[in-house]
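In: Take this sequence and fold it.
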Amino acid sequence: MNGFIAYDPLRVCVALAPLGLYLVLIGRLNLARRPTVISGGRDLAALAVGLAGLVIVGPIELLLPDEAASLKVGPYLWLMALTLYSLVGSLAALLIRPRLVVYAPCSQAEFRTVLGAVADELDPQSRSAGNSVAMPSRQIEFVIEHYALLNCTALTATTGRQDLDGWRDLHRALTRHLRGVSPRRSRWGVGLVTIGLAIVAAIGWQLAAHPQEVVQSFQEAVRG
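Out: A predicted model of the protein is given here:
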């Protein structure tokens with residue numbers, strides 16, 4: 001894969017395109033008109049896709065043997081490596097503890113009020129202490145985590161033994177209760193969208209300015 005190791009426009013595009021789109025997505029969620037609730041698995045999957053380009057031109061490229069070129073199996077090794085990365089990401093998304101991520105939530109005080117109403121609706125015996133919330137009859141117990149940089153709040157299970165059906169009900173109820181709530185927008189949303197669009201624009205410029213180099217690099221990468 002020697003032709004793919006040198007710096008070239010193709011490697012820049014492959015490395016940064018998924019990251020740019022991921023930043024646009026996260027920034028868009030921060031600028032939404034209402035809070036957005038997604039599962040932890042989907043949040044992790046989106047992050048895995050966003051980092052895929054950096055992984056391709058980094059660890060995957062370094063681990064692929066140069067001898068593959070002489071054996072004419074370079075394309076198959078790339079396909080196997082990308083498939084393995086996808087499978088590992090999917091497995092991680094399935095095996096992580098139950099988790100809900102709320103992007104562009106309301107203020108912390110208002111969010112806790114909404115969460116309290118959701119907890120009482122799902123389990124009248126629910127209780128909270130600090131950042132911890134337990135719904136014993138639904139077998140749900142989680143901790144509230146705030147991430148100011150991404151302008152999101154996560155509800156993360158504290159133990160591995162949780163009722164997945166209860167978490168699905170929590171997801172639906174929290175989404176319903178947050179529909180009429182004004183989101184807490186962040187300047188980071190505009191910044192993330194701007195950075196993401198700048199990356200996408202730079203990639204477009206690379207493709208338009210160096211079409212022959214991109215095609216040549218792609219052919220060399222596929223042939224090994």
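
In: State whether Ala154 is indeed within a strand.
Out: Yes: looking at Ala154 with DSSP: H, G, I helix; E, B strand; the rest coil, it is inside a strand.

In: Look up which helix or strand Ile195 falls in, please.
Out: helix 187-209 (DSSP states H and E).

In: Pull the residues that contact stretch 42-52.
Out: For stretch 42-52, contacts defined as CB atoms under 8 Å, 6 or more residues apart in numbering pick out 18-19, 21-23, 25, 85, 89-90, 92-93, 96, 99, 101. C-beta: built from backbone N, CA, C; applies to glycine.

In: which of those residues count as buried?
Out: Listed as buried from the contacts of stretch 42-52 are Pro18, Leu19, Leu21, Tyr22, Leu23, Leu25, Tyr85, Gly89, Ala93, Ile96, Arg99, Val101; burial here means 16 or more other CB atoms under 10 Å.

In: Pick out the lowest-pLDDT one from those.
Out: Comparing pLDDT over the buried ones among the contacts of stretch 42-52, the lowest score belongs to Ala93 (81).

In: for the chain, which spans come out with low pLDDT?
Out: 1-8, 63-75, 217-224 (pLDDT under 70).

In: those helices in it, which residues are they?
Out: Counting by DSSP state H, the chain has these helices, from start to end: 2-5, 9-30, 40-55, 61-63, 68-71, 74-95, 108-122, 164-177, 187-209, 211-223.

In: Look up how far Leu29 lies from the spatially closest residue to Val24 that is not a sequence neighbour.
Out: Excluding the flanking residues, the one nearest Val24 by CB to CB, 6 or more residues apart in numbering is Gly196, at 3.5 Å. Per CB to CB, to the nearest Å, Gly196 is found 12 Å from Leu29.

In: With Val57 instead?
Out: 27 Å.

In: cool, and Tyr85?
Out: 24 Å.

In: check contacts around the closest residue to Arg33 other than its chain neighbours.
Out: The spatially closest residue to Arg33, leaving aside those adjacent along the chain, is Pro183, at 7.0 Å (CB to CB, 6+ apart). Shown in contact with Pro183 (CB under 8 Å, 6+ apart): Ala32, Arg33, Arg34, Pro35, Ala104, Pro105, Cys106.

In: How many residues are close by the fourth one?
Out: Pro35 has 24 neighbouring residues, counting by other CB atoms under 10 Å.

In: Pretty sure it sits against Val101.
Out: No: under the criterion of CB atoms under 8 Å, Pro35 is not in contact with Val101, lying 10.4 Å apart.

In: Counting by contacts, list what the longest strand along the chain packs against.
Out: In the chain, taking DSSP state E as the definition, the longest strand is strand 140-147. With contacts taken as 3 or more CB pairs under 8 Å, 6 or more residues apart in numbering; DSSP states H and E, strand 140-147 sits against helix 108-122, strand 132-135, strand 152-157, helix 164-177.
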